[in-house]
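K.L.:
Test case, fold it:
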Amino acid sequence: MTREVWITGIGLTSSLGEGLDAHWQAMAEAEHPRPVIDTTSFAPYPVHPMVPLDFEKQIPRGGDRRQMENWQRVGTYTAGLALDDAGIAGDLDILGSTNMVVAAAGGERDLAVDQAILEGLREADAPEEFINERLSNDLRPTLFLAQLPNLVAGNIAIVHKVTGSSRTFMGEELASVSAVEVAARRIRGDQGDIFLVGGAVIAERKDVLLVLAGQGWAWTGEPVSVWARPEKGGGAVMGSVGAFLVLEAAGHARARGRQPYARLGPVLSGRSRREPGQATAVAARQFEEIRREAGDRPLAMLSDASGLAPLTTEQRDFVAGLIARGEIDTVRAMPNMLGTCVEASFPAMIGLAALALSRKGFFRPADETGFETPVTRVPTAIAVKSWGSWRGEGMGLVEAIEQADGG
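P.N.:
Next up, the predicted model:
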């Protein structure tokens, strides 16, 4: 388990735009970063909408585009950006041995059926029997098949000819951590030389917002920083994001003359029952390994803190302790700019961390509370922290590579 893992390709789409330059301009070069938020289309729930994409650029066949739902199109499109960025798009020899690990949720629901069931429940004498009967008779089999999470990987294989092994994870934020973790472990263990890893989430779906609101997790006020929301009841603002990475063994990248964005260090996942302090305890153990691996490098942190209470308060206290002890310089909550993007969150943060390190900079604060402070030293390593809204705690390390021919 000693081979280095390099990040050699990044595909990113979101409300801020398409590609790395658009995200760097919005998050690092803008003097006062401002998110793109739609507060009217799904009122009272704000969302970070996906920028318009010309799907034909990455999915040229109309038949392929038509048979995909929008979340699949975004995933397939963004995967194509990562393959282009890594310089392997169209190279059938490499693509034939490129493995794939995808984090995905279910597809879009039949809203008319859902609405009829919810309305019928009000007058049903036996709610459980009513639901079973309606679900058995009203849902079309073809709709169910279109919801399958592994169709993202299937469409990527069909459109982009990525035909190595394929694995799909479900399970919210932790699925995105596990996708990166498994790919990195397989590369380190010499069980594959190159992997395409990522996920895609569409926030502009009434069924997604219905689930979020039903849990009491949806933010309905004026958009504010995630760090400010717990004091006002808490809540998440969903964001549409596609994020894919090409992870590669250093020797494989060197052999084809490819320079990396950064090195991927340890990727750690855990799970607690979320009693008070348990998530912090898991994260503290993970950070010990991250800090040890980072050595004396200037270290910053990216977080997917969502704004949910009391979870975000616990995350803030954990991060504040790291800052106070000088373990990290500062933190940026990615959802302040991109929104909460669940299965796409960890690959998106890994990609953003690699982007910042490759450009020898960091992202500006987008936080009116003042918790996110400007960097005092440009980081040469970035810790990436993910806590799932319900379960799962993950952390990873992305490191700058001073000389790509080393290691």
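K.L.:
make it CA atoms for all contacts and neighbour counts henceforth
P.N.:
Fine.
K.L.:
so where's the stretch 301-407 of the chain uncertain?
P.N.:
403-407 (pLDDT under 70).
K.L.:
can you pull out the helices in it?
P.N.:
311-324, 335-338, 345-358 (DSSP state H, counting those that start in this stretch).
K.L.:
Show me the shaky parts of this protein.
P.N.:
For the chain, applying pLDDT under 70 flags the ranges 1, 140-147, 403-407.
K.L.:
Next, please give the residue ranges for the strands of it.
P.N.:
5-14, 17-18, 99-103, 166-169, 194-201, 241-249, 262-270, 299-303, 331-333, 381-387, 393-399 (DSSP state E).
K.L.:
Mind listing what's buried along the third one?
P.N.:
Taking 16 or more other Cα atoms under 10 Å as the neighbour-count basis, strand 99-103 is seen to contain the buried residues 99-103.
K.L.:
Export the strands of the chain as TSV, with columns for distance to I131.
P.N.:
TSV is the format used below for those (distance: least, Cα to Cα, whole Å):
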stretch	distance to I131
strand 5-14	36
strand 17-18	41
strand 99-103	29
strand 166-169	28
strand 194-201	27
strand 241-249	33
strand 262-270	35
strand 299-303	39
strand 331-333	40
strand 381-387	33
strand 393-399	34
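K.L.:
Out of those strands, which is closest to E181?
P.N.:
Closest approach to E181 among these (Cα to Cα): strand 262-270, 5.3 Å.
K.L.:
Not counting its own residues, what contacts that closest one?
P.N.:
By Cα atoms under 8 Å, 6 or more residues apart in numbering, the surrounding residues in contact with strand 262-270 are 4-8, 174, 177-178, 180-181, 184, 282, 286, 289-290, 293, 354, 357-358, 392-401.
K.L.:
Quick one: buried ones out of the residues you listed?
P.N.:
By 16+ other Cα under 10 Å, the contacts of strand 262-270 give 4-8, 174, 177-178, 180-181, 184, 282, 286, 289-290, 354, 357-358, 392-401 as buried.
K.L.:
Show the contacting residues for the closest residue to G307 other than its chain neighbours.
P.N.:
Excluding its sequence neighbours, the residue lying closest to G307 (Cα to Cα, 6 or more residues apart in numbering) is V226, at 4.1 Å. By Cα under 8 Å, 6+ apart, the contact list for V226 reads 236, 305-308, 312, 333, 335-336.
K.L.:
What are the phi and psi values at the residue sitting furthest away from the middle of the chain?
P.N.:
Each residue of the chain has a distance to the centre, and by Cα atoms, centre = their mean the biggest one is for D125: 42.4 Å. Main-chain torsions, D125, degrees, to the nearest 10: phi -70, psi -30.
K.L.:
Relative to L139, how far out is it?
P.N.:
22 Å (Cα to Cα, to the nearest Å).
K.L.:
hang on, the earlier thing: please identify which of the contacts of V226 is nearest to K385.
P.N.:
Closest to K385, out of all of these and judged by Cα to Cα, is A305, at 8.6 Å.
K.L.:
which ones are touching the closest one?
P.N.:
Contacts here follow Cα under 8 Å, 6+ apart; on that basis A305 touches 226, 312, 315, 333-335, 386-387.
K.L.:
Swap in 6 Å and give it another go.
P.N.:
Residues in contact with A305 (Cα atoms under 6 Å, 6 or more residues apart in numbering) are 312, 333.
K.L.:
same check, this time on M395
P.N.:
Contacts of M395 by Cα under 6 Å, 6+ apart are 267-268, 384-385.
K.L.:
Swap in 7 Å and give it another go.
P.N.:
By Cα atoms under 7 Å, 6 or more residues apart in numbering, M395 lies in contact with 267-269, 286, 383-386.
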